[in-house]
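> Need the 3D shape of this:
(2 chains)
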Amino acid sequence: MKLKPILAAFALVVLATASATAQAPPRVNAAAITADRPPDLLSAYHFFRDAGARLPNEGVTPYDLNTALYSDGALKFRYVYMPPGQQAQYRDDGVFEFPVGTVLIKTFAFAADMRQPNNNVRFLETRLLIRQASGWVAYPYVWNEAQTEARLSPIGATVPVSFTDEQGQAIALDWAVPNRNQCKGCHDVAGEVQPIGPSARNLNRDFVYAQDRVITSHDSTVRVRGTENQLGYWMNAGLLNNALSIGLGDEPPAATPRVPNAYDSASGTLEARARAYLDVNCAHCHNPQGPAHTSGLDLRWSQHEPALWGVGKRPVAAGRGSAGFEFAIEPEHPERSILLYRMQSTDPGVMMPELGRQHIDQRATALINEWIAEMDAEGRVRE
Amino acid sequence: MRLIAAAAVAALVITGAAEARTWRIRPGPGAEQQLQTALIESRAGDTVSLARGRFELTSGLSLDVDRVTIRGEGADESILSFNGQRRGAEGLLITSDGVSLRDFAVENARGDAIKARDCNGITIRGVRVEWTRGPNPNNGAYGLYPVNCDNVLIERSVARGASDAGIYVGQSRNIIVRDNLAELNVAGIEIENSFNADVTRNVATRNTGGILVFDLPGLPQQGGHSIRVFGNRIVDNNTPNFAPAGNIVASVPAGTGVLIMANTNVHVFENEISDNGTIGVLITAYRESFQDANYNPLARDIVIRDNGFGNTGFAPAGDLAAIAQLGVQMPDVLWDGATMYTRGGTPRTDQVRIVVRDNTSTRTGQSSFLSLGLPVAGSPLTEAAPNPQPPPLLEIAEPEPVRIRD
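All right, here's what the predicted structure looks like:
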């Protein structure tokens, strides 16, 4: 099945807008969000105006992250929905406190040729993280081949996919949709499911919003044009309490936390980019309350002690994951640092992260290689 | 392109008592999906029953529901085979409380065989974990691997071929390991950074080291204490060390019976310890440098009593081979002599009581003891000043027996 190019999607926007004036689309289905049993089909939530889930409904806000989890290079489309009149509570550190009824929506996709990421995009799965009264729950929905519906698959699934990667290589892989336990394998803080991405530091970036979108919150109407900082947008749209007092269209204060884009050398120092990458890709397990707390490794952005990043740290339970090396990170010696070795492996008994990838993130291993090579004995890179 | 969506096919469910259900899984093409479905959809009190036969699995299994029993027809009858594993860092991962595993096998996992993390109550009974090609550095690290758990009971189980430890209990509390067979692993049984463990009536044989009690720095739980190792057969542990370098067990000399590293209050008594080619019992400080401000590397309050020693010292290996080459006869019980240590360049000391009494030896009648006379933890072995004088016989209270409500 061939997907229509993105131009068709624009045409659909116009159609949707035109039809919206004549006939309002159904609102997001709040009952489905809070139901004990999730609906079998993603479309039942009405998060999108179209069957293909390209066009977000009213109240469904797209967002992006500075540095994202690597998932074999998959494209990711993220949205947040909060019940009307509700808002998240800002935090400097960690994920915002979201109200009950919030849904974080993330679709994984590949373009037939990843050098042209807007063309022939095939959706594989859409994962929902839903904030219920009892806590967060995770539901994966798997897209059909015709790309007309996504169906709940709580025990996971395997989806064969082939595409051309950014280097022009033909790739074929079995995309693994995680089961409920595997979802929790990453989204776990002290045994409870938690989101990973939407923190101040990771949302603090510009986003290109659709032209002339009108956002109405309980007490104001905001007209958004084009590029805007996401924190400012969320605060002015009432999605987030305006703890930073950001004026309409203004940038957040300079002191607002921000991680760089790990892949973009212009966006931060070597150390900051490496730590941003480890924070997003590793710290969901390697933190004092995460599934890998027993390793003693703490890769959170907020951890400033290099010994806890692994500098001079001997392996505990690495087994053959150690490759015979003595330390997780040995300054100046990426070639004998266990942390990098495990990022460069695809063997399930060795690789890190344990789940969620089958290929090696070459840009990241180059980054970590350079970071460790430049490290002084204390584990710092002086720039 | 095909889409293999895992339809939520329920495994056969037989309703048992009013609440608890039994999920019956048979080997076959749909078994992997049915088994993982059962492990996800089960409710507290349910049993997941594995029929006889070989279950071929491609992905690690996981259970996150409290009080579920996974039960097979026998450790040689119901086999979870991970020969074709492509995903998952362990064969079976347990992250819920009160889980019971009984009478099945996990073979050839790519990483650890069975890991239980952050559990209160984990019972493993009559389970076999094995890497069937025998000792190989590419085998997974741990066979039975509870970590950060309370109330751990491992009994009548078998662990073979682990490239680290066959039975490894780490950073846990209240532990019983009894009536198991651990063979052909690097470490047969290892209790690490744990509190209150009884290790009894096990057979540890043909490993590199038989039973290890370790405490390591830099971990969330440290200060291991109150460990009793008694009534075990710890014989013929002479397999060359096949652990990947860098791991702490890679430093264990082949031919080690019991190795106590750091820890407080470890009592080793009434064991049969023989035919281990390097040493019967080795007591040592943690010898590497460390930064951890809360860590004490000394082995202290250690009691070795009423053990029956057999032949030993006939093939000294590892670091201790160098000591033997100096003409030192390997004793039954060897202590490094460490009573001091340095951290960040600052010397420190602690009260160290080592009691060795009432042991016998088929070799020499009364068993033998030697201190290497290395008062500072981690001193080079070349500075050894061997001293056969046993330390004074002080009274050191034995820990209370561990009790676990099953």
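> Which one of the residues in the stretch 51-200 of chain B is closest to chain A?
For the stretch 51-200 of chain B, the residue closest to chain A is B:Ala141, as judged by CB to the nearest CB, at 2.5 Å. Every C-beta, even on glycine, is put in place using the N, C-alpha and C of the backbone.
> How many neighbouring residues does that residue have?
Using other CB atoms under 10 Å in any protein chain shown, B:Ala141 has 31 other residues around it.
> Same check on A:Glu305?
By the criterion of other CB under 10 Å, A:Glu305 has 10 neighbours.
> In a strand, B:Tyr145, correct?
Yes. B:Tyr145 sits within a strand when classified using DSSP: H, G, I helix; E, B strand; the rest coil.
> gap between the nearest residue in space to the residue of the stretch 51-200 of chain B closest to chain A that is not next to it in sequence and B:Arg228?
Nearest residue to B:Ala141, sequence neighbours excluded (CB to CB, 6 or more residues apart in numbering or on different chains): A:Gly319, at 2.5 Å. Using CB to CB, to the nearest Å, we find A:Gly319 at a distance of 28 Å from B:Arg228.
> Looking at these two, which one has more neighbours?
A:Gly319 (27 against 21).
> Please tell me I have it right and the more buried one contacts A:Asp347.
No. Using CB atoms under 8 Å, A:Gly319 is not in contact with A:Asp347, being 11.1 Å away.
> now the helices: where do they sit in chain B?
In chain B, the segments counted as helices under DSSP state H are B:31-41, B:319-325.
> Could you do the stretch 51-200 of chain A as well?
Here the stretch 51-200 of chain A has its helices, by DSSP state H, counting those that start in this stretch, at A:180-186, A:200-203.
> for the last one, packing partners?
This means helix A:200-203. helix A:230-236 (3 or more CB pairs under 8 Å, 6 or more residues apart in numbering or on different chains; DSSP states H and E).
> Can you give me the buried ones in stretch A:196-214?
A:Ile196, A:Gly197, A:Pro198, A:Ser199, A:Ala200, A:Arg201, A:Asn202, A:Leu203, A:Asn204, A:Arg205, A:Phe207, A:Tyr209 (16 or more other CB atoms under 10 Å in any protein chain shown).
> pLDDT score for the nearest residue to B:Arg287 once chain neighbours are set aside?
Take B:Arg287 and drop its neighbours on the chain: the residue closest to it by CB to CB, 6+ apart is B:Gly378, 4.1 Å away. B:Gly378 carries a pLDDT value of 92.
> ditto for A:Asp72
We have a pLDDT of 93 for A:Asp72.
> What count of nearby residues applies to the spatially closest residue to A:Trp175 that is not a sequence neighbour?
Ranked by CB to CB, 6+ apart and with sequence neighbours excluded, the top spatial neighbour of A:Trp175 is A:Val159, at 4.3 Å. Using other CB under 10 Å, A:Val159 has 22 other residues around it.
> repeat for A:Ala170
9.
> hang on, isn't it packed against A:Asp113?
No. A:Ala170 is beyond contact range of A:Asp113, at 9.9 Å (criterion: CB under 8 Å).
> hey, what's in contact with both of the two?
Contact criterion CB atoms under 8 Å, 6 or more residues apart in numbering or on different chains; residues shared by A:Ala170 and A:Asp113: A:Phe163, A:Thr164.
> which other helices and strands contact the longest strand along chain B?
Determined from DSSP state E, the single longest strand within chain B is strand B:87-94. Here strand B:87-94 touches strand B:59-63, strand B:112-117, going by 3+ CB pairs under 8 Å, 6+ apart.
> just how off-centre is that strand within its chain?
In terms of CA atoms, centre = their mean, to the nearest Å, the centre of strand B:87-94 is found 18 Å from the chain centre.
> That strand pairs with which strands, parallel or anti?
Pairing partners of strand B:87-94, with direction, according to DSSP bridges: strand B:59-63 (parallel), strand B:112-117 (parallel).
> for those, which one ends up most surrounded?
Ranked by mean neighbour count, those are led by strand B:112-117 with a mean of 27 (mean count of other CB atoms under 10 Å in any protein chain shown).
> that older thread, nearest to B:Glu398, of the helices of chain B?
Of all the helices of chain B, helix B:319-325 sits nearest to B:Glu398, with 28.5 Å by CB to CB.
> Strands along chain A, start to end?
Counting by DSSP E, the strands of chain A are A:60-63, A:75-81, A:103-111, A:121-132, A:135-143, A:150-152, A:157-164, A:170-177, A:188-189, A:192-193, A:206-208, A:213-216, A:221-224, A:227-229.
> ranking the ones you listed by mean pLDDT, which is last?
Minimum mean pLDDT among those: strand A:213-216, a mean of 55.
> wait, isn't A:Gly73 in contact with A:Arg357?
No. The criterion here is CB under 8 Å, and A:Gly73 misses it with A:Arg357 at 9.0 Å.
> Quick one: residues contacting A:Ile105.
Contacts of A:Ile105 by CB under 8 Å, 6+ apart are A:Phe47, A:Val60, A:Arg78, A:Tyr79, A:Val80, A:Tyr81, A:Thr126, A:Arg127, A:Leu128.
> overlap between the residues you listed and the residues near chain B?
Near chain B, judged by CB under 8 Å from any CB of the partner chain, there are no entries from the contacts of A:Ile105.
> Pull the contacting residues for B:Gln171.
Neighbouring residues of B:Gln171 by CB under 8 Å, 6+ apart: A:Thr294, B:Val147, B:Asn148, B:Glu192, B:Asn193, B:Ser194, B:Leu219, B:Pro220, B:Gln221.
> Out of the residues you listed, who's the most crowded?
Counting by other CB under 10 Å, top hit in the contacts of B:Gln171: B:Ser194 with 31 neighbours.
> Output the helices of the stretch 51-200 of chain A as CSV; include the columns mean pLDDT.
Formatted as CSV, the helices of the stretch 51-200 of chain A follow (pLDDT from 0 to 100):
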stretch, mean pLDDT
helix A:180-186, 84
helix A:200-203, 96
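> is it possible to export those to JSON lines including distance to A:Gln362?
Listed next are those as JSON lines, based on distance: least, CB to CB, whole Å:
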{"stretch": "helix A:180-186", "distance to A:Gln362": "22"}
{"stretch": "helix A:200-203", "distance to A:Gln362": "22"}
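> Any chance of the backbone angles for the closest residue to A:Ala51 other than its chain neighbours?
Sequence neighbours aside, A:Thr148 is the residue nearest to A:Ala51 in space, at 5.0 Å (criterion: CB to CB, 6+ apart). Main-chain dihedrals, A:Thr148, degrees, to the nearest 10: phi -100, psi -20.
> count of neighbours near A:Thr148?
Burial of A:Thr148 is recorded as 13 neighbouring residues (other CB under 10 Å).
> From chain B, how far off is it?
Using CB to the nearest CB, to the nearest Å, one gets 12 Å for the distance from A:Thr148 to chain B.
> what do you get for A:Trp371?
From A:Trp371 over to chain B the distance is 21 Å, taken as CB to the nearest CB.
> next one: A:Tyr277
Taking CB to the nearest CB, one finds A:Tyr277 at 20 Å from chain B.
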